[in-house]
Every structure is written in C-alpha cells, then in structure tokens.
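Q: kindly generate the corresponding structure for this input.
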Amino acid sequence: MSMHTNERDYWWSEVREEISKSALALHCTHVLGYREEVNVHLDVVVLTAYGTAVKVKTSKQSRMQAKTLQAGFNYDPQRL
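A: Here you go, the predicted model:
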C-alpha cells in the first residue's frame, strides 16, 4: 500500500469513529442510511459522512450484537 492509501484509510477511520461517538453520545444503538462522500478541489480534500442515529428496541440477543457500535465502527466496503 502506498503512503497515500494508508493516510486516506486513517482519515476515513477518524470520520467513522466520530459518527460512532456521536451516536453513542445520543444513547443510540444504530446508524441508519450511512454514506460517505469525498470532494476534491485542487489540493483540498473534504471527507463527509452522513447517517441518522437511532435507538432501536430489540430482543436481548440483538442488543448484544448492537454493542459492536461501542467497540467502533466496523466498515467493510465489500458489504456495500
């Protein structure tokens, strides 16, 4: 991997962590409609992430699975 790829991955992980922290601060269990955008103009790159934090009432098993949000945002572009 090039340095630029590692740097870009780090930036996206920071954006995803912010989404996760914001959802947790609102006592939410899920983020719906999550999407990422990148805009480049000359030498300026703007990374943007959108999503709606929600609190979903679920069964006990589902609540345990939702705790993955607390461990961090598990992003897998292959699942998109």
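
Q: which residues does the residue lying closest to Val15 once chain neighbours are set aside contact?
A: Setting aside the residues directly before and after it, Val15 is nearest to Ala49 in space (Cβ to Cβ, 6 or more residues apart in numbering), at 4.8 Å. Yep, even glycine has a C-beta here, placed from its N, CA and C like the rest. Ala49 makes contact with 15-16, 18-19, 34-37, according to Cβ atoms under 8 Å, 6 or more residues apart in numbering.

Q: switch to 6 Å and redo it
A: Residues near Ala49 by Cβ atoms under 6 Å, 6 or more residues apart in numbering: 15, 19, 36.

Q: let's have the residues you listed in a markdown table, adding neighbour count.
A: Output for those, formatted as a markdown table (neighbours: other Cβ atoms under 10 Å):
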| residue | neighbour count |
| --- | --- |
| Val15 | 16 |
| Ile19 | 19 |
| Glu36 | 16 |
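
Q: so of these, which ones are in strands?
A: Judged by DSSP state E, strands contain the following of these: Glu36.

Q: what is the nearest of the contacts of Ala49 to Val54?
A: Ranked by distance to Val54 (Cβ to Cβ), the contacts of Ala49 are led by Ile19 at 12.7 Å.

Q: quick one: the closest one from Asp43, how far?
A: Applying Cβ to Cβ, to the nearest Å, the value for Ile19 to Asp43 is 26 Å.

Q: got the contacts of Ala49 as a markdown table, with pLDDT columns?
A: Formatted as a markdown table, the entries for the contacts of Ala49 read as follows, by pLDDT from 0 to 100:
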| residue | pLDDT |
| --- | --- |
| Val15 | 92 |
| Ile19 | 92 |
| Glu36 | 93 |
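
Q: ok, the contacts of Ala49 vs Cys28, which is closest?
A: Taking these together and measuring to Cys28 by Cβ to Cβ, the closest member is Ile19, at 10.6 Å.
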